[in-house]
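Chemist: for reference, the sequence and a predicted model appear below.
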Amino acid sequence: YYCNCEQKILNETEQISEENCQLKCPSNKKQTCGGYFGPKSFYEIKKTILSLSALPSHIGKINETIAFKIEINEIISFVNFLRIDFGDGTKINFSLMDIFLIEKKYSKKGLYKIEVASINYELNAEIDILIKDNTKKLFVNSREVFIFDNGEIVGCIENISSLTTQIHGYLPRNSEVCSSQCLKKGFSFTALRNSYCNCINTSLSTIQIDSCLCACPYTNDRICGCLYNSIIFKIQNNEKSTMAVGTFRGCFKTDFNNQSMGIFGFLTNEVCIQYCDWIKKDFASLIGTNCYCGNHLNESNQVDTDECFYKCNGNQSQSCGGFDRFSVYKITKLEFYLFCLKIGEKFKKINCSIYLNSTSPSSLSSNTSGSILEKNASVLIDFGDLDHKYLSIKSNTEIFIEKAYNETGTFKIKAVLLNTPLNNSATIKIERYSMEIDFKNEYQGCFFDRFPYEMHDFVYVNKLIMNNKFCQEFCGFYGFNFSSTFNGDTCSCGNNFGSYNGPKYKIKCDKRCVGVQSDICGGRVFRPYSVFISERSNLNLKILTPIIGYNRRKIFQLCTVISLYILLYRGSLLLVVKSSDLEKFFGLP
């Protein structure tokens with residue numbers, strides 16, 4: 001039942017008769033595993049190594065002779081013959097010797113697996129070779145890989161129990177999604193750990209980034225921190241968005257000088273580009289499960305693209321190098337900005353600008369290589385009022401935009417760099433143009449009035465004689481510039497109007513005045529007001545009985561009457577209640 005491993009048999013060990021080692025092994029009754037009361041069955045372990053290589057290299061051409069070298073470090077008695085399978089249906093048996101050379105020519109291009117094995121497969125070795133035609137394929141279309149983290153990498157931190165996890169239902173849970181969620185909640189940083197998204201407002205002390213190089217749980221093409229360590233990102237504001245662009249440069253002979261390396265069992269093109277961007281390197285080179293990052297590329301080392309045929313572990317549709325070959329991507333940092341004024345006036349032009357900047361990760365120098373940067377990029381601007389524009393922009397240039405709004409309100413302007421994940425937004429408040437008054441007409445139009453109110457909080461209600469002429473004289477008598485009527489029987493006064501635009505969605509001023517049926521006194525739904533320039537008049541004050549009024553913020557039925565005043569208008573007696581609020585409103589003693 002026991003297995004002991006020794007470097008050598010000790011001198012004090014006494015060899016005894018094999019009759020004392022007759023216990024059968026539990027898993028194989030044909031074998032003996034020592035005996036009762038201490039006897040052990042000793043076996044000497046000898047390592048036989050069978051190796052296979054291709055000469056002059058693992059890459060050949062059609063009808064070119066390739067020599068396969070087979071070596072074995074020790075001949076073993078129970079293996080007499082080996083068989084080689086060339087991968088094209090050809091198989092040869094041969095007798096075992098220390099070194100053996102077999103030559104072969106291939107008539108078709110492709111990737112072949114060569115296998116040498118003993119008849120019963122006690123020994124076996126295999127290699128891949130690539131057979132090419134004579135066509136040169138140094139370069140293919142410059143495919144691009146976009147890495148959008150929605151933030152700037154700060155570093156890796158050890159697990160901190162005080163971090164509050166933000167649970168959200170969006171998949172995949174990567175830095176882009178996590179940053180969006182934390183930004184909505186008002187945080188400045190995100191901490192991404194495995195499938196957990198944490199939001200924090202301060203940066204923390206960091207450790208080596210290598211401690212956070214684990215795959216996201218729902219995708220292999222991003223790094224999401226590990227089980228106990230989190231990656232911190234500083235969330236970008238709405239006016240700036242950045243991403244890393246990896247542009248495929250081709251297949252190159254391996255050059256490990258001045259290269260930083262990361263090993264990923266889930267390696268993809270995206271993962272290597274993201275990692276090299278994080279450590280501020282300009283080139284990402286992939287081979288097998290290794291990602292190399294550097295700042296220089298020897299163009300003379302470029303070889304045919306089909307020599308990089310290794311499939312990436314994390315994405316079998318992608319290439320990760322070949323026999324001593326790198327799949328190389330050049331990395332560019334792309335920064336997209338949107339700047340707009342915060343406040344503007346109705347009908348007046350406001351200014352915005354967009355700026356597209358490209359740099360190398362290793363420095364702040366300009367970088368315009370790569371197909372997305374060598375040609376004009378397209379930008380869509382949405383001004384938030386159903387108006388939008390398409391613009392063309394070059395790298396490292398700024399474009400200025402003018403826009404005039406026909407309505408007041410708060411508008412969200414969005415700028416999208418088309419065919420990329422980059423997008424920005426800005427908010428602008430459009431206020432009423434100060435000279436927007438029609439002095440040629442008393443009637444100014446139908447408008448909303450919302451808190452904070454432009455018309456006075458207190459309104460006057462008369463269900464018998466209310467009309468626009470009365471409201472104009474009423475407001476003029478108390479020194480206001482404008483009058484407004486609502487609901488057919490309500491009058492209010494103010495010195496400004498129009499900040500909230502006219503009614504939309506088929507809502508209009510269509511309520512007839514109770515005192516003059518030919519007049520329109522505002523509307524009812526959502527309180528649209530009919531606004532007029534007020535008039536000066538000779539309204540007389542007399543003592544009368546109370547009336548009912550209300551405050552738009554707090555409706556009331558009757559005020560406590562301290563003293564009463566009368567408004568006399570064309571023979572009709574109107575009561576106004578004198579309270580401390582009304583005194584302030586009317587300016588009464």
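Modeler: Cool, got the structure.
Chemist: tell me how this protein divides into domains.
Modeler: With domains defined by automatic domain parsing, the chain comprises 50-132, 144-236, 335-431, 443-586.
Chemist: quick one: the helices in the stretch 251-400 of the chain?
Modeler: For the stretch 251-400 of the chain, the helices defined by DSSP state H, counting those that start in this stretch cover 269-278, 371-374.
Chemist: looking at these, which has the lowest confidence?
Modeler: In terms of average pLDDT, helix 371-374 trails the rest of the helices of the stretch 251-400 of the chain, at a mean of 58.
Chemist: surely residue 323 meets residue 308?
Modeler: No: at 9.3 Å, residue 323 and residue 308 do not qualify as touching, with contact defined as C-beta atoms under 8 Å. Using the backbone N, CA and C atoms, a C-beta is placed for each residue, glycine as well.
Chemist: between those two, point out the one with more neighbours.
Modeler: The residue with more neighbours, out of residue 323 and residue 308, is residue 308; 23 against 19, by other C-beta atoms under 10 Å.
Chemist: how about that one: what's its closest non-neighbour residue?
Modeler: residue 251 (3.8 Å; C-beta to C-beta, 6 or more residues apart in numbering).
Chemist: quick one: that neighbour and residue 378, what's the gap?
Modeler: 31 Å (C-beta to C-beta, to the nearest Å).
Chemist: more neighbours: which of these two?
Modeler: Higher neighbour count among residue 251 and residue 378: residue 251, with 25 against 14, using other C-beta under 10 Å.
Chemist: OK, contacts around the more buried one?
Modeler: 302-308, 319, 321-322, 325-328 (C-beta atoms under 8 Å, 6 or more residues apart in numbering).
Chemist: repeat for residue 525
Modeler: Taking C-beta under 8 Å, 6+ apart, we find residue 525 in contact with residue 507.
Chemist: surely residue 158 touches residue 206?
Modeler: No: contact criterion C-beta under 8 Å: residue 158 and residue 206 do not qualify, at 9.1 Å.
Chemist: more crowded one of these two?
Modeler: residue 206 (16 against 13).
Chemist: of all the domains of the chain, which lies closest to residue 290?
Modeler: Using C-beta to C-beta as the measure, domain 144-236 is the one of the domains of the chain that comes nearest residue 290, at 12.5 Å.
Chemist: where do the strands of the stretch 1-150 of the chain begin and end?
Modeler: 24-25, 28-32, 50-55, 59-61, 66-72, 81-85, 91-95, 99-104, 110-118, 124-132, 144-147 (DSSP state E, counting those that start in this stretch).
Chemist: quick one: the first one to chain centroid distance?
Modeler: Pointing back at strand 24-25 there. Averaging C-alpha positions (C-alpha atoms, centre = their mean, to the nearest Å) puts strand 24-25 62 Å from its chain's average.
Chemist: right, and the helices of the stretch 251-400 of the chain - which one's nearest residue 65?
Modeler: Nearest to residue 65 among the helices of the stretch 251-400 of the chain is helix 269-278 (35.5 Å), distances taken as C-beta to C-beta.
Chemist: would you put the C-alpha positions of that closest one in PDB?
Modeler: Provided in PDB are the C-alpha atoms of helix 269-278 (Å, rounded to 0.1, in the frame of the first residue of the first chain):
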ATOM      1  CA  ASN A 269      -5.000  39.500 -28.900                       C
ATOM      2  CA  GLU A 270      -7.200  41.800 -26.700                       C
ATOM      3  CA  VAL A 271      -5.700  40.600 -23.500                       C
ATOM      4  CA  CYS A 272      -2.100  41.100 -24.700                       C
ATOM      5  CA  ILE A 273      -2.900  44.600 -26.000                       C
ATOM      6  CA  GLN A 274      -4.700  45.500 -22.800                       C
ATOM      7  CA  TYR A 275      -1.800  44.300 -20.600                       C
ATOM      8  CA  CYS A 276       0.900  46.100 -22.700                       C
ATOM      9  CA  ASP A 277      -1.100  49.300 -22.700                       C
ATOM     10  CA  TRP A 278      -1.400  49.100 -18.900                       C
END
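Chemist: just to revisit the earlier point, hey, what's the residue nearest to residue 308 bridged with?
Modeler: Counting by DSSP bridges, residue 251 is bridged to residue 303, residue 327.
Chemist: tell me how far it lies from residue 330.
Modeler: Distance from residue 251 to residue 330, counting by C-beta to C-beta: 14 Å.
Chemist: cool, residue 234 as well?
Modeler: The spacing between residue 234 and residue 330, counted by C-beta to C-beta, is 25 Å.
Chemist: pick out whichever of the two has more residues nearby.
Modeler: A direct count of neighbours by other C-beta under 10 Å for residue 234 and residue 330 places residue 330 higher, at 19 against 14.
Chemist: tell me if I'm right that the more buried one and residue 277 touch.
Modeler: No: the criterion here is C-beta under 8 Å, and residue 330 misses it with residue 277 at 11.3 Å.
Chemist: give me phi/psi at the residue nearest to the spatial centre of the chain?
Modeler: Among the residues of the chain, the one closest to the centroid is residue 176, at 3.1 Å (C-alpha atoms, centre = their mean). Residue 176 adopts backbone torsions of phi -60, psi -50, taken as degrees, to the nearest 10.
Chemist: list the contacts of it.
Modeler: Going by C-beta under 8 Å, 6+ apart, residue 176 touches 148-150, 421.
Chemist: how about residue 380, nearest residue that isn't a chain neighbour?
Modeler: Of all residues not flanking residue 380 in the chain, residue 416 sits nearest, at 4.6 Å (C-beta to C-beta, 6+ apart).
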